[in-house]
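Visitor: quick one: sequence and predicted model below, then my questions.
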Amino acid sequence: MRDEESAVAGTDDAVAEDDALYVLTAVLLTPAQFPSVLGDDYPAACGALGLEPYAEGYGLVLGQDGDGARWTVVVDDVSLVAVAIASWDCGMEYDLSPDDRSVVCALPGWPLALAVAAPGVPAPHDPPPDPEAEGTDLPPLTPPDTETWGPAQRRLGADEIALQWAAWRDQIDDETTFAGSNGPDVADGTDGGNTGDGTNELSGTDGPDDAKESDAGAAVDADSAAESAEESSAGSPALSGTHPGVRRALAEAHAYVDDPPPPGRIRSSFAPGDARTLRADGPGWSLVARTDDIAFVLLDEEPGEVLPVGRGAALPGLLKALDALAVRPA
């Protein structure tokens, strides 16, 4: 997280040209990397900010002006922002000061929650409405409420699992079988709030150590779920012990193979060895998986629940096909 006093002059009417922005952090908004909180895919994320989904993408620079007001400055110099982020991640200093000509717009507020603030200015707050906008200005961007559950929180939860894969994967006991599966892998009731029925629960998005008990549906095996997807859509009863929401999510993920979704709906990133970490989203569901391992599914209808999906016979092929469709960071 960046908390240095780098500054960029805003060119949007809402930010005076002589008013510096004290940069706190920055994130990429590209087909391969974007804040999932904004949408299921890249066009949706751009739409949430009123931006055109250009293939080159954008950089989002989050900071405060001299009065302490929160601003998100959108720039089209993606490479500059990417270098800054990489430098900060390595613990190196980097003065992120985009050229005025690269600034696309300045949006009030922040789409993400930040735990830092610029020194020497008032506490972070939303800027007042522009009196010249006559009510047409956009409301300030705000991070999602972590006390509720919905699409944004579901996607944030999947992001957290991807970041802490090893911790979540360690909760799965290879000596237990998934419902309807002949293979291993279901949670065993150890750390992380595993309920003993194959379900873990997120508490906010703080990771497995903050989980709590739950009594939602059982974990499933991708092979059984995929084979029953067509029957389910025809009105046949659900497999015993198979969560219908997970079966629906896997069926829709399979459909992506024949009908590719918008850019960013499936993303692939680095994982140890020759594996990849996959993130996929759809209406009401998010999936995070390792191409050489199992998957986890989160559903809008199961607040905070993390449903493991056994590798079985079908999951490897599905993950390979999704990885072939996925966009990857440059």
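Guide: The structure has been received and is ready for your questions. Numbering: from 1, shown residues only.
Visitor: what about the helices in this structure?
Guide: 42-48, 78-89, 151-163, 165-169, 222-233, 244-258, 315-325 (DSSP state H).
Visitor: pLDDT of the first one, averaged?
Guide: Rounded to a whole number, the mean pLDDT of helix 42-48 is 97.
Visitor: what number of residues lie near residue 278?
Guide: 25 (other CB atoms under 10 Å). For every residue, glycine as well, the C-beta is placed using N, CA and C.
Visitor: residue 161 now?
Guide: 27.
Visitor: do the one 5 residues further on as well
Guide: Residues within reach of residue 166, counting by other CB under 10 Å, total 8.
Visitor: distance from the chain centre to stretch 296-316, please.
Guide: 16 Å (CA atoms, centre = their mean, to the nearest Å).
Visitor: what's the neighbour count on residue 83?
Guide: Counted with other CB under 10 Å, residue 83 comes out at 13.
Visitor: pLDDT wise, what is the nearest residue to residue 152 once chain neighbours are set aside at?
Guide: Distances taken as CB to CB, 6 or more residues apart in numbering put residue 144 closest to residue 152, at 4.0 Å, once the chain neighbours are dropped. At residue 144, the pLDDT value in this model is 91.
Visitor: residues touching residue 144, list them.
Guide: Contact analysis of residue 144 by CB atoms under 8 Å, 6 or more residues apart in numbering lists 37, 150, 152-153, 156.
Visitor: 10 Å instead, please
Guide: Neighbouring residues of residue 144 by CB atoms under 10 Å, 6 or more residues apart in numbering: 37-38, 111-113, 150-156, 205.
Visitor: ok, what's across the strand from residue 269?
Guide: Assessed by DSSP bridges, residue 269 has beta-bridge partners residue 277.
Visitor: correct me, but residue 309 touches residue 316?
Guide: No: between residue 309 and residue 316 there is no contact under CB atoms under 10 Å: 11.7 Å.
Visitor: ok, those two, which is more surrounded?
Guide: Between residue 309 and residue 316, counting by other CB under 10 Å, residue 309 is the more crowded of the two (29 against 15).
Visitor: excluding chain neighbours, what is closest to that one?
Guide: residue 295 (4.2 Å).
Visitor: low-confidence bits of the stretch 1-150 of the chain, can you list those?
Guide: Scanning the stretch 1-150 of the chain for pLDDT under 70 picks out the ranges 1-19, 131, 133-137.
Visitor: tally of neighbours for residue 299?
Guide: 22.
Visitor: gap between it and residue 259?
Guide: From residue 299 across to residue 259, the span is 21 Å (CB to CB, to the nearest Å).
Visitor: so who does the spatially most central residue of the chain touch?
Guide: With distances taken as CA atoms, centre = their mean, the residue of the chain nearest its centroid is residue 36 (3.3 Å). By CB under 10 Å, 6+ apart, residue 36 lies in contact with 45, 151-152, 154-159, 162, 264, 267, 279, 281, 286.
Visitor: residue 62: which of those residues is nearest?
Guide: residue 45 (15.1 Å; CB to CB).
Visitor: need the contact list for the closest one.
Guide: So residue 45 contacts 29-31, 34-39, 51, 53, 57-58, 111, 264 (CB under 10 Å, 6+ apart).
Visitor: against residue 317, how distant is it?
Guide: 29 Å.
Visitor: before we move on, what about residue 257?
Guide: In terms of CB to CB, residue 257 sits 9 Å off from residue 317.
Visitor: now residue 109
Guide: Taking CB to CB, one finds residue 109 at 43 Å from residue 317.
Visitor: the two: who's more crowded?
Guide: For residue 109 versus residue 317, neighbours defined as other CB under 10 Å are more numerous around residue 109 (19 against 14).
Visitor: hmm, that one is touching residue 62, no?
Guide: Yes: counting by CB under 10 Å, residue 109 touches residue 62, with 9.5 Å between them.
Visitor: joint contacts of the two?
Guide: With CB under 10 Å, 6+ apart, residue 109 and residue 62 have common neighbours 70-72, 141.
Visitor: strands paired with the lengthiest strand in the chain, and their directions?
Guide: Taking DSSP state E as the criterion, the chain has its longest strand at strand 20-29. Here strand 20-29 is paired, per DSSP bridges, with strand 7-9 (antiparallel), strand 58-64 (antiparallel).
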